[in-house]
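Enquirer: Okay, predicted coordinates and the sequence, questions at the end:
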Amino acid sequence: SFPGSKSMTTSSVSAKFEKQKTVVIAPGASFVPKRWPVDKFYEVASEILNQSSFNCVVLGGQEDDFCSVFNELEKQFPERLKNLQGKLSLAQSMEVVAEGSLLIGNDSLMAHVAKSCSIPVYSIFGPTSESFGFSPRLKDSKVFSVNLWCRPCSTTGSKACFRKKQYCMTMVSSQSVAEKALEYLRGMDV
């Protein structure tokens with residue numbers, strides 16, 4: 001069984017993920033404008049599960065209820081996708097990240113944790129900018145963003161968009177992220 005209880009030790013979480021081919025999906029961010037739409041993360045995870053042998057694990061804090069969208073995908077792939085939103089401590093989540101093969105997330109804490117552990121990061125930037133120096137710089141890491149005149153609108157991503165739709169996030173294609181992730185994962189699978 002997968003880890004899923006706060007009473008678990010960090011080492012038991014790590015043991016489950018050790019040497020597994022796992023993509024960490026981290027759809028949370030400290031501010032709502034920095035969050036790529038969760039349905040796009042869902043589409044990427046679905047493509048990875050359908051087109052590769054890699055597992056996926058979803059991480060999120062207690063407040064990240066939007067991660068419940070992954071419950072349906074977890075039912076389809078019960079042995080390959082685990083939604084651990086709200087089930088792990090921060091330390092346990094960090095350990096899961098450290099054992100992953102790739103992290104796909106926003107400009108957020110988990111992306112920075114992965115980067116510090118030399119885990120490639122596919123990071124989505126919207127209201128903030130990769131030019132601020134927070135983008136992942138590892139060889140296999142990638143940044144996904146769109147070039148808009150209004151971007152960046154904030155150094156922290158806390159400022160609400162003045163539009164009805166936040167194009168800097170909605171225009172980043174889940175297909176492009178999934179294609180690049182699958183290309184990278186297939187290279188690891190050789």
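Expert: Sure thing, it's come through.
Enquirer: Please tell me how far Val69 sits from Pro152.
Expert: Using Cβ to Cβ, to the nearest Å, Val69 is found at 27 Å from Pro152. All C-beta spots, glycine's among them, are computed from the backbone N, C-alpha and C.
Enquirer: Tell me which helix or strand Cys168 sits in.
Expert: helix 167-170 (DSSP states H and E).
Enquirer: Revised request: answer the last question for Val97.
Expert: With DSSP H and E as the criterion, Val97 is inside helix 90-99.
Enquirer: The residue lying closest to Gln76 once chain neighbours are set aside: neighbour count?
Expert: In this structure, Gln76 finds its nearest non-sequential neighbour in Leu49, 7.8 Å apart by Cβ to Cβ, 6 or more residues apart in numbering. Leu49: 18 surrounding residues under other Cβ atoms under 10 Å.
Enquirer: ditto for Leu148
Expert: 12.
Enquirer: For it, which three-state class applies?
Expert: Using DSSP: H, G, I helix; E, B strand; the rest coil, the structure places Leu148 in coil.
Enquirer: Now do the contacts for the nearest residue to it once chain neighbours are set aside.
Expert: Nearest in space to Leu148, with sequence neighbours left out and distances taken as Cβ to Cβ, 6+ apart, is Cys168 at 5.6 Å. Counting by Cβ atoms under 8 Å, 6 or more residues apart in numbering, Cys168 makes contact with Phe125, Gly126, Pro127, Ser145, Val146, Leu148, Cys150, Arg151, Cys153, Cys161.
Enquirer: The last one: what's it in contact with?
Expert: I take that to be Cys161. Cys161 touches Pro33, Pro127, Cys153, Cys168, counting by Cβ under 8 Å, 6+ apart.
Enquirer: Sketch out the low-pLDDT regions of this protein for me.
Expert: 1-20, 131-138, 189-190 (pLDDT under 70).
Enquirer: where along it do the helices fall?
Expert: Ranges of helices within the chain are 10-17, 38-51, 70-76, 90-99, 109-116, 167-170, 174-188, based on DSSP state H.
Enquirer: between those, which gets nearest to Ile25?
Expert: helix 38-51 (5.3 Å; Cβ to Cβ).
Enquirer: could you check the angle helix 174-188 makes with the closest one?
Expert: Put simply, helix 38-51 runs at 40 degrees to helix 174-188, going by axes from the mean of the first three to the mean of the last three Cα atoms, to 10 degrees.
Enquirer: list the helices and strands helix 38-51 packs on?
Expert: In terms of contact count using 3 or more Cβ pairs under 8 Å, 6 or more residues apart in numbering; DSSP states H and E, helix 38-51 is assigned the packing partners strand 22-26, strand 55-58, helix 70-76, helix 174-188.
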